[in-house]
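J.: Task: produce atomic coordinates for the following.
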Amino acid sequence: MKILIVEDEPKAIEYLKTGLTEQGWTVDVAPDGEEGAFMVREFTYDVIVLDVMLPKMDGFELLRVIRSRSHTPIIMLTARDQVDDRVRGLREGADDYLTKPFSFIELVERLIALTRRSRAQESTMLRIADLSVDLVSLRASRGSTRLELTAKEFQLLSLLARRKGQLLSKTVIAEMVWDVNFDSSTNVIEAVIKRLRSKLDGPFDVKLLHTVRGMGYVLEARNSGADM
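T.: Below you'll find the predicted structure:
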């Protein structure tokens, strides 16, 4: 899952980014409304956390910008005593709200509920050959063998599984699994791919994760494990 947090308080940003990254989310941050509008134009997100009080462009104006171009689920953060803000946000297109201060566990549960609702038409279980990827329980297996994956390995596998048969470049993978500031020219992606391939394909006859040299990676069943 990829999330955008539009928030101007440094402590809140660090708290949310650290916590959500530990939960396996890919997190981008915008410290003001104008930067948030830019991020929404340039990138795709599964859900957005949007503070009402923002510099340069407030949360309501940014909410209207987002709603003019997408139906991405949005949860707004409001001050506890500002009932009018909560009502206004819901009327103008927000899907949910939380009042500050809030429980991180509650935020996570609300985010999961919003993304599940927005993907009601998408299966939560992906299958390729004998591979099963459960997007709800965050588990993957080949046949009866559970794959012990790290959070980043599972994020990468679920991205490839959603785009099965589709070639994904390092740039696309970097954007969807890491964040916008990640340098895709490093060897981090290759290192994670190597670890994932070892767990996903190493013990099995049918190879699923393939490298297309100079272009990227694709997840699909082939008779031969040879890469292109």
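J.: Check which helices and strands the lowest-mean-pLDDT helix or strand in the chain sits against.
T.: One helix or strand of the chain scores below all others by mean pLDDT, DSSP states H and E: helix 83-91, with a mean of 76. Other helices and strands packing on helix 83-91, by 3 or more CB pairs under 8 Å, 6 or more residues apart in numbering; DSSP states H and E, are helix 59-67, strand 74-79, strand 96-100. Every residue, glycine included, has its C-beta placed from N, CA and C.
J.: Would you mark the buried spots in the last one?
T.: Within strand 96-100, the residues that qualify as buried by neighbour count (16 or more other CB atoms under 10 Å) are 96-98.
J.: hmm, back to that, which stretch among the helices and strands packed on helix 83-91 comes nearest residue 158?
T.: The closest of the helices and strands packed on helix 83-91 to residue 158 is strand 74-79. By CB to CB, the value is 21.9 Å.
J.: follow-up on the earlier one: can you list the residues that contact the least confident helix or strand of the chain?
T.: Identification of contacts with helix 83-91 by CB atoms under 8 Å, 6 or more residues apart in numbering yields 52, 59-60, 63, 76, 78-79, 97, 99.
J.: Can you tell me which of those are buried?
T.: Members of these classed as buried by 16+ other CB under 10 Å are 52, 59-60, 63, 76, 78, 97.
J.: Return the closest of these with respect to residue 186.
T.: Using CB to CB, the buried ones among the contacts of helix 83-91 come closest to residue 186 at residue 59, 34.5 Å.
J.: what about that closest one, distance to residue 37?
T.: 11 Å (CB to CB, to the nearest Å).
J.: what's the answer for residue 164, then?
T.: In terms of CB to CB, residue 164 sits 33 Å off from residue 37.
J.: List the buried residues in the lengthiest helix in the chain.
T.: For the chain, the helix that runs over the most residues, judged by DSSP state H, is helix 104-118. By 16+ other CB under 10 Å, the buried positions in helix 104-118 come out as 107, 110-111, 114-115.
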